[in-house]
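>>> dropping a prediction and its sequence here:
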Amino acid sequence: MGGYVFKRSVDIVFAGLLLIAAFPFLIFAAILTKLDSPGPALFRQLRMGRGFRSFELLKLRTMISSRGGPAYTFGDDPRITRIGCWLRRYKFDELPQLWNVLRGDMSLVGPRPVIPELTEEFKHDYGLLLAVRPGLTDPATLKYCRESEFLALIPDPLHYFKTVVTPDKLRLSQDYLERATVASDLVVMAGTALALVALLCQSWLGHLGLRWPRRVSPTLFSGNSRKKEAAAQD
């Protein structure tokens, strides 16, 4: 019980401070979003939370609001707006979820919340994961921080997402939950910050005509994942 209270306290303090720091940027991004295409600045979508209780997840809107289409987006989806493409690339569209953390819908570190339909398809696995609050980030999120761009290169991205990516995410999230502590959560948060800085630096170097060092990856992987990737390349 004490660990839960301390984790929740860390969530409130860090989410509050980050939300205050990000507030000017959120206002600026909201204005750009409104100017770029008609519709609300915020996107709201039902996601499954702790104990299979749904909640309304917040994001900066990155797609044309008047268009329908599939729930999943891979690569250059024509529904994504110009400003939305930039927000998605650097994960800035996720910043409003700090409010979800403050409300208690989410935690800073935990398995990413998914749409209810996906939890039904993988009900047993999510039955284990949703014993805790979903989070902004965890090791699975770090591994797949460029997920949409990667899946856009796959001939059947939806099939690959459900048969390869989702099971791997579930395994990584479950493995982490078995050993998670407040200290390990802080390490994951620091790793997430470093991964985002790496993405920004990679982009800036690209604009300058320079290349990102090959030894430095903008995505953080677990040791087991590195071994699997190396085996797949042999």
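Nice, thanks for sending it over.

>>> which residues of the protein fall in strands?
For the chain, the strands defined by DSSP state E occupy 42-48, 54-60, 107-109, 135-137.

>>> distance from the last one to the middle of the chain?
Okay, so that is strand 135-137. 6 Å (Cα atoms, centre = their mean, to the nearest Å).

>>> ok, residues contacting it?
94, 97-98, 101, 106-112, 141, 188-189, 192 (Cβ atoms under 8 Å, 6 or more residues apart in numbering). All C-beta spots, glycine's among them, are computed from the backbone N, C-alpha and C.

>>> and which of the residues you listed is nearest Gln202?
Using Cβ to Cβ, Thr192 comes nearest to Gln202 of those, at 15.6 Å.

>>> any idea how far the closest one is from Lys162?
Note on Thr192: its distance to Lys162, by Cβ to Cβ, to the nearest Å, is 25 Å.

>>> who has more neighbours, these two?
Thr192 (21 against 15; other Cβ atoms under 10 Å).

>>> how about stretch 134-151: buried residues?
Buried residues in stretch 134-151, counted by 16 or more other Cβ atoms under 10 Å: 134-145, 147-148, 150-151.

>>> could you give me the average pLDDT of it?
When pLDDT is averaged along stretch 134-151, the result is 91.

>>> then that stretch to PDB, C-alphas only?
Provided in PDB are the C-alpha atoms of stretch 134-151 (Å, rounded to 0.1, in the frame of the first residue of the first chain):
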ATOM      1  CA  PRO A 134      -1.900   2.300 -18.000                       C
ATOM      2  CA  GLY A 135       0.900   4.800 -18.500                       C
ATOM      3  CA  LEU A 136       2.600   7.300 -20.700                       C
ATOM      4  CA  THR A 137       5.600   5.100 -21.300                       C
ATOM      5  CA  ASP A 138       7.200   1.800 -20.400                       C
ATOM      6  CA  PRO A 139       9.900  -0.400 -22.000                       C
ATOM      7  CA  ALA A 140       7.500  -1.500 -24.800                       C
ATOM      8  CA  THR A 141       6.800   2.100 -25.600                       C
ATOM      9  CA  LEU A 142      10.500   2.800 -25.800                       C
ATOM     10  CA  LYS A 143      11.200  -0.100 -28.100                       C
ATOM     11  CA  TYR A 144       8.400   0.900 -30.500                       C
ATOM     12  CA  CYS A 145       8.700   4.700 -30.400                       C
ATOM     13  CA  ARG A 146       8.900   4.700 -34.200                       C
ATOM     14  CA  GLU A 147       6.200   2.100 -34.600                       C
ATOM     15  CA  SER A 148       4.100   3.900 -37.300                       C
ATOM     16  CA  GLU A 149       7.000   4.600 -39.500                       C
ATOM     17  CA  PHE A 150       8.200   1.000 -39.200                       C
ATOM     18  CA  LEU A 151       4.800  -0.600 -39.900                       C
END
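
>>> done for today, thanks.
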